[in-house]
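Novice: from the sequence below, what's the structure:
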Amino acid sequence: MENTKPRKKLTTFVLLMAIVLLALLGYYLWKNGLTLGPLTGSPSYQAVFLTNGQVYFGKASNINSNYLDLRDVYYLQVSEVLQPVQGKSQPESRQSISLAKLGVSELHKPKDAMKINRDQVLFIEDLETNSQVVQAIVKYKEDQLKAL
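Specialist: So this is what the prediction gives:
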């Protein structure tokens, strides 16, 4: 009878320590942004919406850390196109939207990766493989391969 009390105390102590260690491990993973994979388990692209109205598309990781990592980055580029209209002296203005690859047309030539302050992120969405953005990215990559 006397042997069961120390064994019970030891079992309780080991169980309590295991729970504490699991809690600490969970907190560490959450705080350091270590995730088990993309948002929905898909290796597809995400849309990252920022507080300044900008949207970036790419492959997001470290989603739970202070800085979200985004690689293979694209963004929307809006340009104004002037079209002449018959019978009018002033051309008509139209906006043209295109997808731009980070690091291609910028003067400062950034690398194709970003660290985004998590406080500036409104929300993140996984993109379907048949979305217009993902299809435009696939076409861009195909065109780049053909150019080589």
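Novice: select the longest helix from the chain.
Specialist: helix 4-31 (DSSP state H).
Novice: what comes up buried for the very next helix or strand once past that helix?
Specialist: Next in sequence after helix 4-31, counting helices and strands by DSSP states H and E, comes strand 46-50. By neighbour count on 16 or more other C-beta atoms under 10 Å, the buried set for strand 46-50 is 46-48. C-beta: built from backbone N, CA, C; applies to glycine.
Novice: same check, this time on stretch 108-115
Specialist: For stretch 108-115, the neighbour count (16+ other C-beta under 10 Å) marks M114 as buried.
Novice: enumerate every residue touching the closest residue in space to N117 that isn't next to it in sequence.
Specialist: Ranked by C-beta to C-beta, 6 or more residues apart in numbering and with sequence neighbours excluded, the top spatial neighbour of N117 is Y67, at 6.1 Å. For Y67, the contacting residues are 33, 115-118, by C-beta atoms under 8 Å, 6 or more residues apart in numbering.
Novice: do P91 as well
Specialist: For P91, the contacting residues are 82-85, by C-beta under 8 Å, 6+ apart.
Novice: element containing A100, please.
Specialist: Counting by DSSP H and E, A100 is part of strand 92-101.
Novice: that strand packs against which elements?
Specialist: Here strand 92-101 touches strand 67-83, helix 132-147, going by 3 or more C-beta pairs under 8 Å, 6 or more residues apart in numbering; DSSP states H and E.
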